[in-house]
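Enquirer: generate coordinates for the sequence data below:
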Amino acid sequence: MVSLRNRGRCYLAFVIALGLLGSVLPTLGAAETNQVRVRVNIWVGCVGGLIANGGLDTAPGSIYAKKGLKVSFKIIDDWTEGAAALATSNVDVMLTTDDVWAKDYAQFKARGFGARAFFLVDWSRGADGVIVRQGINALKDLVGNKVAFAPYTPSHFLLWYGLRESGLSSEQRNEIFSNGIHTKDGIEPATLFAQQKVDAAVAWDPDMSDAVAKRSGSRKIYDTRQAKNLIADILVVGDRFAARNPQALVKFAEGWIEGVEFIKSQPARAYTLMGSIKDFNIPTDLAKTMLEGVELADAAGNKAFFGSAGSASDYARIFKASQELYRETGVLKGARSDPEGSVDRKVVDSLK
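Expert: Reported below is the predicted structural model:
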């Protein structure tokens, strides 16, 4: 676990990284690249892109290879480090969630770095949740118990949203957050729970299910099947990369969709391929179960999620709700960001 001081150091590193932008951003006018570097964390929703790529790096004969792309997926489980990697051009595209993006977008904008959401990866449908020891039966029972979660991640947003809907007073909700065990990444809460060092944890699969299996009497009491249409995984791209490489970005999105179609049409082969991806920790025998906890997005799902300019879309709804969380915690101050400025629909509009 990390202290608020250590998390402050992570944030400081992020700010320093933003300050280095002038020396690392590419020069406009260069020829379009066929290379795309993508930040991901270990999350089952990434499988569309991984299948399209044939692994973390583009495999010969893969969907991306046939499109002339060279894609490299870089596993960065720390979300602050992932954002810093995008800001310093160490990656071109970042996997994040709509809720976390509301924070990162405002911080990027304040430092002069432009980036926009351009693709819906998946909806969480039970793969994010709150797990508890025996004797805790509802979210309101978390008062007086130690809850582990990773601040400024989807787990934070899920817990905040669930507690707000639970009927607890603001004082009780604040007590749960202030007495919580704050971790650096989204994996550690599940580890602490499995080791019986906390009473509850907010986590995501595969770590969440694994932790419940290791602790007798424990169970999941709240997840994204109840909080439906709350946790949406998205891809964000830096403005300069998008401007310089529009066709590469379209091919990248099209290939991802083709990867999703492959999973749906040939699931057995897809599970085997997933299990063979080194360092991604999704074994073949668990792939099917884990994929049941997400809804992979296709072209139609992308169009519906982002909507049209100014529409009451799911993207805008989650973005606005998350800003309330980050304003309550003091991370965001000043005027609220307009969701419309944080999205670029050109790629989604091109999908068929």
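
Enquirer: all helices for the stretch 51-200 of the chain, in order.
Expert: 63-66, 79-87, 98-110, 154-165, 170-178, 188-194 (DSSP state H, counting those that start in this stretch).

Enquirer: what's the closest of those to Glu254?
Expert: Shortest separation from Glu254 across those is recorded for helix 63-66, at 8.8 Å, computed as Cβ to Cβ. Where you see a C-beta, it was placed from the backbone N, CA and C, and this is true even at glycine.

Enquirer: okay, now Arg269: neighbour count?
Expert: By the criterion of other Cβ atoms under 10 Å, Arg269 has 12 neighbours.

Enquirer: could you pull out the buried residues of the one helix or strand it maps to?
Expert: In this structure, Arg269 sits in helix 267-275 according to DSSP states H and E. Neighbour-count burial for helix 267-275 flags Ala270, Tyr271, Leu273, Met274 (criterion: 16 or more other Cβ atoms under 10 Å).

Enquirer: which strands or helices does that helix pack on?
Expert: helix 47-53, helix 246-265, helix 284-291 (3 or more Cβ pairs under 8 Å, 6 or more residues apart in numbering; DSSP states H and E).

Enquirer: give me the residues contacting the last one.
Expert: With contact meaning Cβ atoms under 8 Å, 6 or more residues apart in numbering, helix 284-291 is reached by 44, 47, 127, 205-206, 209, 263, 267, 270-272, 274-276, 282.

Enquirer: tell me the angle it makes with helix 246-265.
Expert: Orientation of helix 284-291 against helix 246-265 (axes from the mean of the first three to the mean of the last three Cα atoms, to 10 degrees) gives an angle of 100 degrees.

Enquirer: then helix 284-291 to CSV, C-alphas only?
Expert: Extracted C-alpha coordinates of helix 284-291, given in CSV (Å, rounded to 0.1, in the frame of the first residue of the first chain):
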residue,chain,number,x,y,z
THR,A,284,-7.1,-20.1,-21.5
ASP,A,285,-9.3,-21.9,-19.0
LEU,A,286,-10.3,-18.6,-17.4
ALA,A,287,-10.7,-16.5,-20.5
LYS,A,288,-14.3,-17.5,-21.2
THR,A,289,-15.4,-16.8,-17.6
MET,A,290,-13.6,-13.5,-17.5
LEU,A,291,-15.1,-12.4,-20.8
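
Enquirer: now that helix and helix 267-275, what's the angle there?
Expert: 110 degrees.

Enquirer: quick check, Phe73 in contact with Leu56.
Expert: Yes. Using Cβ atoms under 8 Å, Phe73 is in contact with Leu56, at 4.6 Å.

Enquirer: of these two, which one has the most company?
Expert: Phe73 (24 against 18).

Enquirer: show me what contacts that one?
Expert: By Cβ under 8 Å, 6+ apart, the neighbours of Phe73 are Val38, Val40, Cys46, Gly49, Leu50, Asn53, Leu56, Asp57.

Enquirer: how many neighbours does the last one have?
Expert: Asp57: 12 surrounding residues under other Cβ under 10 Å.

Enquirer: beta partners of the residue lying closest to it once chain neighbours are set aside?
Expert: Spatial nearest neighbour of Asp57, chain neighbours left out: Ser72 (5.3 Å); criterion: Cβ to Cβ, 6 or more residues apart in numbering. Beta-bridge partners recorded for Ser72 (DSSP bridges): Arg37, Asp57.

Enquirer: how much space between Ser72 and Asp78?
Expert: 18 Å (Cβ to Cβ, to the nearest Å).

Enquirer: so these two - more neighbours on which side?
Expert: The neighbour count for Ser72 versus Asp78, taken as other Cβ under 10 Å, is higher for Asp78 (18 against 15).

Enquirer: report pLDDT for the spatially most central residue of the chain.
Expert: For the chain, the residue nearest the mean C-alpha position is Thr96 (3.2 Å; Cα atoms, centre = their mean). Looking at Thr96, its pLDDT stands at 97.

Enquirer: do the same with Ala59
Expert: 96.

Enquirer: ditto for Val15
Expert: 47.

Enquirer: now Met1
Expert: Reported pLDDT for Met1: 40.

Enquirer: quick check: Gly162 vs Gly112, distance?
Expert: Using Cβ to Cβ, we find Gly162 at a distance of 35 Å from Gly112.

Enquirer: er, Thr289 I mean
Expert: 44 Å.

Enquirer: show me the protein divided up by domain.
Expert: Listed by automatic domain parsing, the domain ranges of the chain are 33-124+232-318+335-350, 128-223.

Enquirer: sorry, back to before: shouldn't the residue nearest to Asp57 be in contact with Leu56?
Expert: Yes. Using Cβ under 8 Å, Ser72 is in contact with Leu56, at 6.7 Å.

Enquirer: separation between Tyr161 and Asp141?
Expert: 17 Å.

Enquirer: out of the two, which sits in the busier spot?
Expert: Tyr161 (21 against 15).

Enquirer: relative to Gly186, which of the buried residues of helix 267-275 is nearest.
Expert: Met274 (19.7 Å).

Enquirer: for the stretch 1-150 of the chain, which residues score under the pLDDT cut-off?
Expert: 1-30 (pLDDT under 70).

Enquirer: all strands of it, in order?
Expert: 35-40, 70-75, 93-97, 115-124, 128-132, 147-149 (DSSP state E, counting those that start in this stretch).
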